[in-house]
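1. Could you work out the structure for the sequence below:
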Amino acid sequence: MRVEPLGPAHLAAFEGLFHASGSACFCRYWHFAGDKNAWLERCALAEGESLREQSDAVLSGADEARGLLAFDGALAVGWMKLTPRAAVPKLRRLPVYRALDLGPDAGVFAIGCFLVHPEHRGRGVARALLAAADAHVRAWGGHAIEAYPRRTSEPMHPEQAMQGPLATLLAQGYVEVGGEAPYPVLRKALDPLAG
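-> Model prediction:
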């Protein structure tokens with residue numbers, strides 16, 4: 001499995017992964033200005049709009065479109081939105097996070113979501129994306145990565161774990177820095193000298 005940052009050459013593979021996963025969001029939720037009902041309507045009736053917005057953002061090199069794709073051969077099997085925290089203010093405005101003082105945004109990258117191809121779940125795709133994240137964030141000038149998983153004692157359906165598998169994040173060196181019990185905020189500080 002190889003992991004690469006999303007770029008213009010990967011847009012068809014990115015689109016294929018979202019279609020194969022039955023996801024109409026194309027990673028635009030954190031940038032959508034409307035309310036929940038408007039978002040659901042867009043996903044049901046106008047998914048092309050989200051794909052167009054994401055494609056335009058990728059082609060323009062916008063920070064909000066950053067992320068990593070995992071490939072098995074030519075097939076995109078996983079996606080992780082990995083963007084400067086300042087590019088996803090909607091995430092930090094959620095009621096469970098907005099009162100938290102997590103420090104300045106500069107140099108902090110946020111994991112906005114994960115998506116794994118249904119036929120490749122349970123094969124270490126999320127782990128591979130996380131393992132590759134450190135080097136990419138360093139190359140992009142970052143010094144820390146934050147994640148916002150959900151903690152529950154009940155098993156979650158893969159779509160419910162869209163913000164990351166807690167156990168995998170902890171195993172990759174992320175530590176809890178705040179948040180309420182079901183909605184912890186995890187962070188990994190990056191050693192600037194590491195490879």
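2. all helices in this protein, in order from the N-terminus.
-> For the chain, the helices defined by DSSP state H occupy 11-20, 36-45, 47-60, 89-92, 125-139, 166-171.
3. Sort out which residues of the fourth one are buried, please.
-> Of the residues in helix 89-92, those buried by neighbour count under the rule 16 or more other Cβ atoms under 10 Å are 91-92. Using the backbone N, CA and C atoms, a C-beta is placed for each residue, glycine as well.
4. pLDDT (mean, whole number) over it?
-> Mean pLDDT, helix 89-92: 89.
5. hmm, who's touching it?
-> With Cβ atoms under 8 Å, 6 or more residues apart in numbering as the contact definition, helix 89-92 has outside contacts at 29-32, 85, 97-98, 102, 110, 112, 148.
6. ok, so of those residues, who is nearest residue 68?
-> Comparing these against residue 68 with Cβ to Cβ places residue 112 closest, at 11.5 Å.
7. roughly how far apart are the closest one and residue 164?
-> From residue 112 across to residue 164, the span is 10 Å (Cβ to Cβ, to the nearest Å).
8. May I have the distance across stretch 165-181, first residue to last?
-> 15 Å (Cα to Cα, to the nearest Å).
9. ignore the last one, stretch 117-128
-> End-to-end for stretch 117-128, by Cα to Cα: 14 Å.
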